[in-house]
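Colleague: Kindly return the folded structure for what I paste below:
(one chain, ligands or ions: 1)
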Amino acid sequence: MDKASQDRAAALLHHRIKGLRPGEPIAAPIVSSATFLAPDMDGLSHVYGRSGMPTWELVEAQMALLEGAECVSFPSGMAAISAALFATLGASKVLMLPSDGYYVSRLLAGQVLAAYGVKVLEVPTLQMAEADFTGVDAVLIETPSNPGLDVLDIAALCGNAHAAGAVVICDNTTMTPYLQRPLDLGADIVVAADTKAPGGHSDALFGHVASRDAAMMARVREGRRLSGAVPGSFEAWLVHRGMETLELRLSRMCETAAVLADRLAEHTAVRNLRYPGRPSDPSHAIAAKQMSGFGFLIGFDLADAATAERFLAECPLVAQSTSFGSTHTSGERRARWGDKVAPGFIRLSVGCEPAEPLWQAIRATLDAL
Ligand SMILES: *Cc1c(COP(=O)(O)O)cnc(C)c1O
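Modeller: You can find the predicted model right below:
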């Protein structure tokens, strides 16, 4: 992690405390009030719980510090992605998105946005940076892509997309702002599922939208108020707590992922291993240029679907579950969701376990397949 990220990590742990008055709680309070005392409405920070809530704002302040941008929080990653797309698109507008990215974004575009007159173009992540953006109004990118871990050059894509007048929205879920800052590379909007590493304990759904374009953020914020897609205070509190250890967790997770990726690649049961941190990986050169860590996700193929399911069921230190970024290592055969990957493809999300026992468990399970 670079020096600027380390400085932000240090500041994050003090940002709220520095603003407290004597006698106020050091730990963040959970405020869950549908309505606020409002004899008149002028100049009040809070009036009604759909418009703003102190506990969401604590998370938004943390995210703003890391993104270097205004942030608005949402009850899930998909709610954040929906808000960004609704703020940028309308009838007869054109959206380009990855054909190999998070599948729910594709379903949202194809089933919901298309019904409102948005035209949807799907392009593979590896072809997006140099795609023809003529007539495109918004581009949704995901890099590294989930689950394939292909990486695209964000700055190059933004140059080409902006030249054609398109807005660039980057889904930064797989990286978090500690490992990649798309706004610094030219993206207009960042969206993320904080359900993953930021919350980090598989106990809350959450998301955020970040942008340095004040007019855009005003539309996103107003969209949240009008649609009513607001987070719960308890979930916000959990994510606020998770954020305090995000940098610590990520450094362990990324370090262990690098160790496991090298060892997995050598194992005879493993094929086509993908990890952007390995110099031989097709993603490595661009990843090294635009990311400040290589992440905690590893992709690889086992022989077939049955072998992959057996590995996941039998490895004692791999939770057989969807999602990623939690304290525990988890893994999933992504073809079961219809992702365009081999039937035996596993997405492994490396957790916070010490590396050696984790590797011993994985190796013993692979050896016994
Ligand atoms: C999980 C995920 C989402 C959706 O987040 P939810 O909180 O489940 O709605 C969006 N994009 C990516 C890349 C994801 O991995």
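Colleague: What are the boundaries of the strands in the stretch 151-300 of the chain?
Modeller: In the stretch 151-300 of the chain, the strands defined using DSSP state E, counting those that start in this stretch lie at 167-171, 189-193, 207-211, 271-274, 297-301.
Colleague: Would you mind pulling the contact partners of the first one?
Modeller: With C-beta atoms under 8 Å, 6 or more residues apart in numbering as the contact definition, strand 167-171 has outside contacts at 81, 84-85, 88, 101-102, 105, 137-143, 154, 157-158, 161-162, 182, 186-193. To be clear about C-beta, it is placed using only N, CA and C from the backbone, and glycine gets the same treatment.
Colleague: Just the buried residues of that strand, please?
Modeller: 167-171 (16 or more other C-beta atoms under 10 Å).
Colleague: Ok, stretch 117-125 next?
Modeller: 118-121, 123-125.
Colleague: coming back round to it: possible to save the buried residues of strand 167-171 as CSV with distance to Val47 and pLDDT?
Modeller: What follows is the buried residues of strand 167-171, written out as CSV (distance: C-beta to C-beta, whole Å; pLDDT from 0 to 100):
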residue, distance to Val47, pLDDT
Val167, 31, 98
Val168, 34, 98
Ile169, 30, 98
Cys170, 33, 98
Asp171, 32, 98
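Colleague: just curious, which of these is nearest to the ligand?
Modeller: Asp171 (4.9 Å; C-beta to the nearest ligand atom).
Colleague: among the strands of the stretch 151-300 of the chain, which is nearest Pro39?
Modeller: strand 207-211 (32.4 Å; C-beta to C-beta).
Colleague: Out of the buried residues of stretch 117-125, which comes closest to the ligand?
Modeller: Taking the buried residues of stretch 117-125 together and measuring to the ligand by C-beta to the nearest ligand atom, the closest member is Thr125, at 11.6 Å.
Colleague: how about the residues of this structure near the ligand?
Modeller: By C-beta under 6 Å from any ligand atom, the residues of the chain that approach the ligand are 76-78, 102, 104, 142, 146, 171, 173-174, 193, 195-196, 205, 207.
Colleague: are any of those residues buried, and which?
Modeller: Looks like the residues of the chain next to the ligand have 76-78, 102, 142, 146, 171, 173-174, 193, 195-196, 205, 207 buried, using 16+ other C-beta under 10 Å.
Colleague: Where is pLDDT lowest across those?
Modeller: Among those, Asn146 has the lowest pLDDT, at 90.
Colleague: For the closest residue to it other than its chain neighbours, give me its contacts.
Modeller: Nearest non-adjacent residue to Asn146, counting by C-beta to C-beta, 6 or more residues apart in numbering: Tyr102, 5.0 Å away. Counting by C-beta under 8 Å, 6+ apart, Tyr102 makes contact with 142, 146, 171, 173.
Colleague: still on that earlier bit, of the contacts of strand 167-171, buried ones?
Modeller: Buried, going by 16+ other C-beta under 10 Å: 81, 84-85, 88, 101-102, 105, 137-143, 154, 157-158, 161, 182, 186-193, out of the contacts of strand 167-171.
Colleague: I figured Ile346 hits Ala303, correct?
Modeller: No: contact criterion C-beta atoms under 8 Å: Ile346 and Ala303 do not qualify, at 11.4 Å.
Colleague: Could you check which of these two has the larger neighbour count?
Modeller: Ile346 (25 against 16; other C-beta atoms under 10 Å).
Colleague: Tell me which strands whichever strand or helix holds the more buried one pairs with, and in which orientation.
Modeller: For Ile346, the host element (DSSP states H and E) is strand 345-349. Under the criterion DSSP bridges, strand 345-349 sits next to strand 297-301 (antiparallel), strand 330-333 (antiparallel) in its sheet.
Colleague: coming back round to it: may I ask which two of the buried ones among the residues of the chain next to the ligand are separated the most?
Modeller: Glu142 and Leu205 (18.5 Å).
Colleague: Can you tell me, leaving aside adjacent residues, what's nearest to whichever residue of the stretch 1-150 of the chain sits closest to the ligand?
Modeller: Closest approach between the stretch 1-150 of the chain and the ligand, counting by C-beta to the nearest ligand atom: Gly77, at 2.3 Å. In space, and not counting its chain neighbours, Gly77 is closest to Ala193: 2.4 Å by C-beta to C-beta, 6+ apart.
Colleague: Is that neighbour in contact with Gly207, as I believe?
Modeller: Yes: using C-beta under 8 Å, Ala193 is in contact with Gly207, at 5.3 Å.
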